[in-house]
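[1] Got a predicted model here, sequence first, then my questions.
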Amino acid sequence: MRKTLLSLIAACAMGVVASASLAAETTLRITLQLPIKSHLGQNLMLFKETVEKNSNGEIEVQIYDSAQLYKDKQVPQAVGSGAIEMGVASLTRFVGDVPAVDIFYQPFMFNSDQLVRAATAKGSAVRDPLDEAILQQTGARVLWWQAYGSAVMLTNDAPLSTPADMANKKVRVFGKTLGEFVEACGGAPTLISGSEQYLAYQRGTVDVGMTGVSGVKSRKLWDVMDTITKTQHADIEFIVVVNEDFWNGLPAAHREIITAAADLADKAVRDEILEIEADAYAEASKNGMSIIEPTAEQIAAWQDCSTAVYQAYEQTAGELGQTVMEAARALRAGG
C-alpha cells in the first residue's frame, strides 16, 4: 500500500514538472474596453491564435475585454507605466501626449476608404511619425492599428441632419477635436468613454451620441437610441500598444512572431471594415433604428461650421501636426 502511495505521489510530482515545462515563457495581457464579440475583440482573437500557434505555446495571450481592467482613457498610462503589457485604446486617447494624432478627427479630412487606407498604412507619411511620437512620449510601442470605421451621430425621435439640429444639445464625444467640432457647430460636448456611453444615453446624460456604427451593434445601442445619421465626419482608429521596456526584454524570436501576427491583424481588420459597417447598419435597421443619409448640401453645412477646427489644430498640434497635415493634404490631392 505504502509503495503504491509513493508511486502515485511520484507520478503527480512528475506531472507538475511536466506542466511547468509546458508553461508559456511569455505572457501578454491585453486590456480592451469593448466586448470580445466586437470586431476589435475578434481581431485580438486572431492575433492571440496566431501568436500562440506560431510560438508553439511559448507565448500566451490573455485578453481582458469590456473594460474589466482599465477604461479606454486609462490605457495609455497603464501600458506606458508597465502596469499591463498591452492595451487597446482609441487613437484620440493619446492626444494629451501627442496632439497631432487628432489629424484623424479633423472633420471630413479622410472621407473615403481609399484615403483612410493610404493614411493608416504602415510606413505612410501620416502614420509613421505618429507611431514614433507615441513611443517617445508615452513609452508605449504601437504594434498595429485597428480600423473602427467612420463616426456617426445617434439621436432619438429625429435625425441630426444639419448643425441647426445640434444647437444647444449635449453631445457625447470621445476626443478633444471632436469636442471642438461639436462646439463649432453649436452643440455642447461631453467626454464619455465608450464603455460608459450606453448608460449615458439611457439616463439622458447627453442628447446626441457619437460613435462608430460597429459600436452600435456590439453595444446594442438600439436599446437606447433610435436614429443614426451617417455624417461620417471622422475616421475612428484604435491602436494596440505594448510597453516598450517589456518589448525590449522579449527574446528576438518572440518579437518577430508578435510583429508578424500584428501585421496580419492590422491587414485583416482593414480589409473587413466596410463589410463590418454594412453588417452593423443592417443589424441596426433590423432592430428598429432609422438610418439617415445626409444630402450633399447638408454635409456642406457641417463642413462650413467646422472650419475653425482646422485652424485650432494647426495652432496647437505643433511641428508634428504641420508635418502630418501636409502629408494628409498630399494624399487628398493625389500626391
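    Yes, it's here. Residues are numbered from 1 along each chain as shown.

[2] Figure out how far stretch 70-80 is from the centre of its chain.
    Offset of stretch 70-80 from its chain centre (Cα atoms, centre = their mean, to the nearest Å): 12 Å.

[3] Using PDB, write out the CA atom coordinates for it.
    This file holds the C-alpha atoms of stretch 70-80, laid out as PDB (Å, rounded to 0.1, in the frame of the first residue of the first chain):
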ATOM      1  CA  TYR A  70      -8.900  49.600 -17.500                       C
ATOM      2  CA  LYS A  71     -11.200  52.100 -19.200                       C
ATOM      3  CA  ASP A  72     -10.200  53.400 -22.500                       C
ATOM      4  CA  LYS A  73      -8.900  56.700 -21.100                       C
ATOM      5  CA  GLN A  74      -6.600  54.700 -18.600                       C
ATOM      6  CA  VAL A  75      -4.900  52.600 -21.200                       C
ATOM      7  CA  PRO A  76      -2.100  54.900 -22.300                       C
ATOM      8  CA  GLN A  77      -0.800  55.400 -18.800                       C
ATOM      9  CA  ALA A  78      -1.400  51.700 -17.800                       C
ATOM     10  CA  VAL A  79       0.600  50.400 -20.700                       C
ATOM     11  CA  GLY A  80       3.200  53.200 -20.700                       C
END
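
[4] average pLDDT across the helix or strand containing Asp271?
    Here Asp271 sits within helix 252-286, counting by DSSP states H and E. For helix 252-286, the mean per-residue pLDDT is 97.

[5] any idea what the nearest residue to Asp97 once chain neighbours are set aside is structurally, helix, strand or coil?
    Leaving aside its chain neighbours, Asp97 sits nearest to Gln137 (4.1 Å; criterion: Cβ to Cβ, 6 or more residues apart in numbering). All C-beta spots, glycine's among them, are computed from the backbone N, C-alpha and C. When classified by DSSP: H, G, I helix; E, B strand; the rest coil, Gln137 comes out as helix.

[6] Check the contact between Gln137 and Val98; I expect there is one.
    Yes: counting by Cβ atoms under 8 Å, Gln137 does reach Val98; the two are 5.5 Å apart.

[7] A helix includes Gln322, no?
    Yes: Gln322: assigned to a helix according to three-state DSSP.

[8] show me the contacts for the residue lying closest to it once chain neighbours are set aside.
    Setting aside the residues directly before and after it, Gln322 is nearest to Glu314 in space (Cβ to Cβ, 6+ apart), at 7.0 Å. By Cβ atoms under 8 Å, 6 or more residues apart in numbering, the residues touching Glu314 are 321-322, 325.

[9] Same list (those residues) but as TSV, adding distance to Gln114 and neighbour count.
    As requested, those are exported to TSV (distance: Cβ to Cβ, whole Å; neighbours: other Cβ atoms under 10 Å):
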residue	distance to Gln114	neighbour count
Gly321	23	20
Gln322	24	13
Met325	19	19
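
[10] how about stretch 256-274: buried residues?
    Buried residues in stretch 256-274, counted by 16 or more other Cβ atoms under 10 Å: 257-258, 261-262, 264-266, 268-270, 273.

[11] Kindly apply the preceding question to stretch 60-69 instead.
    For stretch 60-69, the neighbour count (16+ other Cβ under 10 Å) marks 60-61, 63-65, 67, 69 as buried.

[12] residues making contact with it?
    24, 26-36, 41, 44-45, 47-48, 51-52, 78, 84, 193, 195.

[13] now do stretch 75-85
    The contact list for stretch 75-85 (Cβ under 8 Å, 6+ apart) reads 27-31, 33, 69-70, 86-89, 93-94, 96-97, 138-140, 241-243, 245-246.
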